[in-house]
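**Q** next one to model:
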Amino acid sequence: MTIRILIADDQPEVRSALRLVLDAEPDIEVVAEAGDGSQAVRAAHRHRPDVVIMDIRMPRMDGLAAIETLTGADTVPTIIALTTFDLDEYLFGALQAGAAGFLLKDTDPRLLLDAVRAAHQGHGLIDPQVTRRLIHRFAALSPKPVTPAFDLLTAREREVLHHLAQGLSNAEIARELWIEEGTVKTHVNRILAKLRLRTRIHAVIYAHQHRL
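**A** Numbering: from 1, shown residues only. From the prediction side, this is the model:
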């Protein structure tokens, strides 16, 4: 299956560089480009991409506003936030707005491709340069009371969520709990459904916000 991509960035040279990397892959196709957030929203409705790569700082409508608009639509693409600036307000703003991943523009092209494929499979990926700070930031916040949906999780699902919050992959969780990797994937999907979360990144955020 070909992964359909929309690139939103106000710099034409950045869009060209991203397109060059993405279009070189046999399973990825760039179907549209946009120069600001409002164009990105219109292009997403028109082309129905699987994944949107969204710059945070753009004129007219910025990336955060565009992410919030798209995640509130009926058909929601998976969004990877992209920025030159390694700033907390961009990182947390993008993830809380609904982005499934966060990358810096100087990231390795291989990580970009990994993030696109992970996003298409329903997984989030955050640039390793900022992952540790993300966890520390949420750990420093005052805990929120758990939502009623948390009571729907089984004991095993809570164990899986605990390991997700530590940044473990499905394979690593499987080894920790002595279960099959496919079983872990099933648990993760059920956790996301019960907590009404879009990706495992949002499950990590949920766990840290509620001190789980």
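
**Q** in contact with the closest residue to Thr147 other than its chain neighbours, which residues?
**A** The shortest distance from Thr147 to any non-neighbouring residue, by C-beta to C-beta, 6 or more residues apart in numbering, is to Leu195 (7.1 Å). Every C-beta, even on glycine, is put in place using the N, C-alpha and C of the backbone. Shown in contact with Leu195 (C-beta atoms under 8 Å, 6 or more residues apart in numbering): 147, 149-150, 153, 203, 206.

**Q** how many residues are close by Gly182?
**A** Neighbour count of Gly182, defined by other C-beta atoms under 10 Å: 10.

**Q** repeat that for Gly93.
**A** Using other C-beta under 10 Å, Gly93 is surrounded by 19 other residues.

**Q** helix or strand: which one has it?
**A** Using DSSP states H and E, Gly93 falls within helix 88-97.

**Q** quick one: name whatever helix or strand follows that helix.
**A** strand 101-104.

**Q** show me what that following strand is packed against.
**A** With contacts defined as 3 or more C-beta pairs under 8 Å, 6 or more residues apart in numbering; DSSP states H and E, strand 101-104 has these neighbours: strand 78-83, helix 88-97, helix 109-120, strand 125-126, helix 128-140.

**Q** rerun that using 7 Å as the cut-off
**A** Applying 3 or more C-beta pairs under 7 Å, 6 or more residues apart in numbering; DSSP states H and E, we find strand 101-104 packed against strand 78-83, helix 88-97, helix 109-120, strand 125-126.

**Q** okay, which residue is most central for this protein?
**A** Computing the C-alpha centroid of the chain and ranking residues by C-alpha atoms, centre = their mean puts Ala100 first, at 1.2 Å.

**Q** tell me which residues touch it, please.
**A** Contacts of Ala100 were listed using C-beta atoms under 7 Å, 6 or more residues apart in numbering, and they are 78-80, 119, 124, 198-199, 201.

**Q** need phi/psi at the residue lying farthest from the centre of the chain.
**A** Relative to the centre of the chain, and counting by C-alpha atoms, centre = their mean, the farthest-placed residue is Trp178 at 27.7 Å. With angles defined as degrees, to the nearest 10, Trp178 sits at phi 60, psi 50.

**Q** again with His123
**A** According to degrees, to the nearest 10, His123 has phi -110, psi 150.

**Q** that one: neighbouring residues, count only.
**A** Neighbour number of His123 under other C-beta under 10 Å is 20.

**Q** Asp23 now?
**A** Using other C-beta under 10 Å, Asp23 is surrounded by 12 other residues.
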